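> Output the structure for:
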Amino acid sequence: MSRTRSPPCAVASSPPSSKRCRDAHVAQRQSSDNHNRELCDAVRLIEGHLGLTGIFEPLLLARAALREQLAVLDKQVRETARTDPICKRLMTAPGVGAIVALTFRCAVDDPRRFTSSRSIGAFFGLTPRRYQSGETDRVGGISRAGDPAARAALFEAAHVIMTRVAKWSALKSWAVRVAQRRGAKRGKVALARKLAVVLHRMWVSETDFRYATKEA
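Purely as a prediction, here's the structure:
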């Protein structure tokens, strides 16, 4: 016996499941315009194909639900950072947003346990390894010790300062000079280490970040 199948035109005329899928994605106002455009293209591609519709519609709906909950979590993170006085102070530094501030705050926990702000770089594994044996004294890459999430957050903040922050500061000026001498990647690592020192000092002294005028 042959099964009766709906003609392709019936699927192309927006069946209920396809319409729910499309409407659920379009309704995600937190998504960017590019995301919505790509999503609508994906929905149009599967319409008219019974097999693909049954396979991809649940995946697209699950993706929409995940993005919706991700937007909720992102809002909670930003609100937490805005209501925390320490995070608000840390976010006055260039390149430091809610995630970087919260990550740094949680990783350090108690700033008083560091006798010097300079030791914070080694705590996050941003200082170079050093191999010494007899007359051999070799400096290698960074140790990568400590919290990898905090180290990645500091490096991302350094990247933002070097590439996206337009406002000039003594911190950026110093990093640009290092990058000119030693390369962009090493400059960003050095900036991430110095940024950790600056953030710790801001935390301990309870002062906001102070910008300086661009050097002549």
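> Report pLDDT for the closest residue in space to residue 175 that isn't next to it in sequence.
Leaving aside its chain neighbours, residue 175 sits nearest to residue 191 (3.9 Å; criterion: C-beta to C-beta, 6 or more residues apart in numbering). For the C-beta atoms, the positions are set from N, CA and C on the backbone; glycine is no exception. Note for residue 191: predicted pLDDT of 96.
> What is whichever strand or helix holds residue 191 packed up against?
Using DSSP states H and E, the element containing residue 191 is helix 184-205. When contacts are defined as 3 or more C-beta pairs under 8 Å, 6 or more residues apart in numbering; DSSP states H and E, helix 184-205 sits against helix 85-90, helix 98-108, helix 120-123, helix 148-163, helix 170-182.
> Mind doing that once more with 10 Å?
Helices and strands touching helix 184-205, by 3 or more C-beta pairs under 10 Å, 6 or more residues apart in numbering; DSSP states H and E, are helix 85-90, helix 98-108, helix 120-123, strand 128-133, strand 136-142, helix 148-163, helix 170-182.
> Residues contacting the second one, please?
Spelled out, that is helix 98-108. 74, 77-82, 84, 86-93, 96, 111, 114, 120, 123-124, 146-147, 149-154, 156-157, 160, 195-196, 199-200, 203 (C-beta atoms under 10 Å, 6 or more residues apart in numbering).
> Quick one, which of those are buried?
81, 84, 86-87, 89-91, 93, 96, 111, 114, 120, 123-124, 146-147, 150-151, 153-154, 156-157, 160, 195-196, 199-200, 203 (16 or more other C-beta atoms under 10 Å).
> Just give the nearest non-adjacent residue to residue 161, would you?
Closest to residue 161 by C-beta to C-beta, 6+ apart is residue 95, at 4.0 Å.
> tell me the secondary structure for residue 125?
coil (DSSP: H, G, I helix; E, B strand; the rest coil).
> Does it touch residue 149 like I think?
No: in this structure residue 125 lies outside contact range of residue 149 using C-beta atoms under 10 Å: 11.5 Å.
> What residues sit buried inside stretch 110-130?
So for stretch 110-130, counting by 16+ other C-beta under 10 Å, buried means 111, 114, 117, 120-127.
> my read: residue 121 touches residue 190, true?
Yes: counting by C-beta under 10 Å, residue 190 is a contact partner of residue 121 at 9.4 Å.
> count of neighbours near residue 145?
Here the number of neighbours of residue 145 (other C-beta atoms under 10 Å) works out to 14.
> From residue 78, how far off is it?
Distance, residue 145 to residue 78, by C-beta to C-beta, to the nearest Å: 30 Å.
> And the buried residues of stretch 110-130, which is closest to residue 179?
residue 126 (15.7 Å; C-beta to C-beta).
> List the contacts of that closest one.
120, 142-146, 150-151, 154-155, 158, 189-197.
> Skipping its backbone neighbours, what lies nearest residue 145 in space?
residue 125 is the one closest to residue 145 (C-beta to C-beta, 6+ apart), at 3.8 Å.
> low-scoring stretches of this structure, by residue?
1-40, 42-43, 48, 50, 132, 135-137, 139-140, 212-216 (pLDDT under 70).
> report the longest helix in it, please.
helix 50-83 (DSSP state H).
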